[in-house]
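Novice: Provided below for reference: sequence and predicted model.
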Amino acid sequence: MADPIHQFQVQPIEGLDFGTVDLPILGETSLAFTNSHVAMTMVFVAVVGLLTLVTANAKVVPGRLQAAGEQMFDLIDGVTSSIIGPEGRTFFPFVLTLFFMILGMNLLGLFLTFTATSQLAVTGTFALITILLVIGVGFARNGLGFFKLFAPSGIPWPVMILVVPIEFVSFMLRPITLALRLFGNMLGGHIALKIFAGFVVSLGGLAAAGGLGLLGLPLAGLSLGMVVGLTALEFLVAFLQAFVFAVLASIYLNDVVNLGHGH
């Protein structure tokens, strides 16, 4: 059976490996265009192309593509508006971009041999961008009042001594949980698919040899059914993980946008 982890290895594209350079702090760094770059670039081009097609020549009576795009817009607009409130439209472009990019990478990984969101560096980057925006908006709107986020109102001072460190640690863990949730779901699902697909090939080959090997045929059929079922589940998970990321990003933004109201 093929190594199920091999599909997650970042490998340079032949002819596009430019060697290494010595960078300050980072040390020796490889300069190469990898399969990860290819996947992310394809998603970026696809997302920009889709948004261009959806928004160009918009009609009062939308066609199928425009209608599908508008439903996605309405979905994310509903998330930002319901969670953040009237100011949700301000952050709609950011959350929509996150949603489309993550969804695109998740779905592309089901058609190619590489899934960009199965890399912790990629999911960590999305999480880092999100939390930096939250911190920036928090200070821009509240100044030093941003620190009230860690000190909920109405709590007695003796209890506050315990609450403040807990709230601070919880806030600092947000990007980690964002990154790990997406990374873990994509990694685990694809490993399971690879394992069951390997069973299909191995047991099918055993059955093809005849004799007692024919006993492997029912198991191969069962494994094939698992592959089909898991693939359908992975399409659902691909959408749900992108949606969950968008929802959590909106919740974190709401915490700082409406800080005076919630704390």
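Specialist: Now that the structure is in, tell me what you want to look at. Predicted model, so just to flag it, every value in this text is computed and none were measured.
Novice: Show me the beta-bridge partners of residue 29.
Specialist: Residues in a beta bridge with residue 29, per DSSP bridges, are residue 21.
Novice: Now do the helices in the stretch 51-200 of the chain.
Specialist: For the stretch 51-200 of the chain, the helices defined by DSSP state H, counting those that start in this stretch cover 64-84, 88-108, 120-142, 157-208.
Novice: Low-confidence ranges, the chain, go.
Specialist: 1-4, 6-7, 26-27, 113, 207-216, 260-263 (pLDDT under 70).
Novice: residues in contact with the most centrally placed residue in it?
Specialist: In the chain, the C-alpha nearest the mean C-alpha coordinate belongs to residue 102, at 4.3 Å (CA atoms, centre = their mean). The neighbours of residue 102, taking CB atoms under 8 Å, 6 or more residues apart in numbering as the test, are 117, 126, 182, 241-242, 245-246. For glycine as for every other residue, the C-beta is placed from the backbone atoms N, C-alpha and C.
Novice: and residue 86, how far is that from residue 201?
Specialist: For residue 86, the distance to residue 201 (CB to CB, to the nearest Å) stands at 55 Å.
Novice: Comparing the two, which shows the higher neighbour count?
Specialist: Shown here are residue 86 and residue 201; by other CB atoms under 10 Å, residue 201 has more neighbours (13 against 9).
Novice: Next one: that one from residue 97, what distance?
Specialist: From residue 201 to residue 97 the distance is 39 Å (CB to CB).
Novice: For residue 23, grab phi and psi.
Specialist: Dihedral angles of residue 23 (phi, psi; degrees, to the nearest 10) stand at phi -100, psi 150.
Novice: Near the closest residue to it other than its chain neighbours, how many other residues are there?
Specialist: Of all residues not flanking residue 23 in the chain, residue 29 sits nearest, at 5.1 Å (CB to CB, 6 or more residues apart in numbering). For residue 29, the count of nearby residues is 10 (other CB under 10 Å).
Novice: show me what contacts residue 29?
Specialist: 20-23.
Novice: Tell me the one of these nearest residue 110?
Specialist: The closest of the contacts of residue 29 to residue 110 turns out to be residue 20 (CB to CB; 33.0 Å).
Novice: so the closest one touches residue 31, yeah?
Specialist: Yes - taking contacts as CB atoms under 8 Å, residue 20 lies within contact range of residue 31: 6.8 Å.
Novice: quick one: contacts for residue 135?
Specialist: With CB under 8 Å, 6+ apart, residue 135 has these contacts: 146, 256.
Novice: Neighbours of the closest residue to residue 99 other than its chain neighbours, how many?
Specialist: Of all residues not flanking residue 99 in the chain, residue 246 sits nearest, at 4.3 Å (CB to CB, 6+ apart). Residue 246: 25 surrounding residues under other CB under 10 Å.
Novice: give me the element residue 246 is part of.
Specialist: helix 216-257 (DSSP states H and E).
Novice: Now do that helix against helix 64-84, angle only.
Specialist: 50 degrees (axes from the mean of the first three to the mean of the last three CA atoms, to 10 degrees).
Novice: Tell me how far helix 216-257 lies from the chain's centre.
Specialist: Relative to its parent chain, helix 216-257 has a centroid offset of 11 Å by CA atoms, centre = their mean, to the nearest Å.
Novice: by contact count, what packs against that helix?
Specialist: helix 64-84, helix 88-108, helix 120-142, helix 157-208 (3 or more CB pairs under 8 Å, 6 or more residues apart in numbering; DSSP states H and E).
Novice: Just send those helices back as CSV, with distance to residue 223 too.
Specialist: Below are these laid out as CSV (distance: least, CB to CB, whole Å):
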stretch, distance to residue 223
helix 64-84, 34
helix 88-108, 24
helix 120-142, 29
helix 157-208, 4
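Novice: name the helices or strands packed onto whichever strand or helix holds residue 47?
Specialist: Per DSSP H and E, residue 47 falls inside helix 35-55. Helices and strands touching helix 35-55, as assessed by 3+ CB pairs under 8 Å, 6+ apart, comprise strand 12-23, helix 64-84, helix 88-108.
Novice: Having no further points to raise, I will conclude here.
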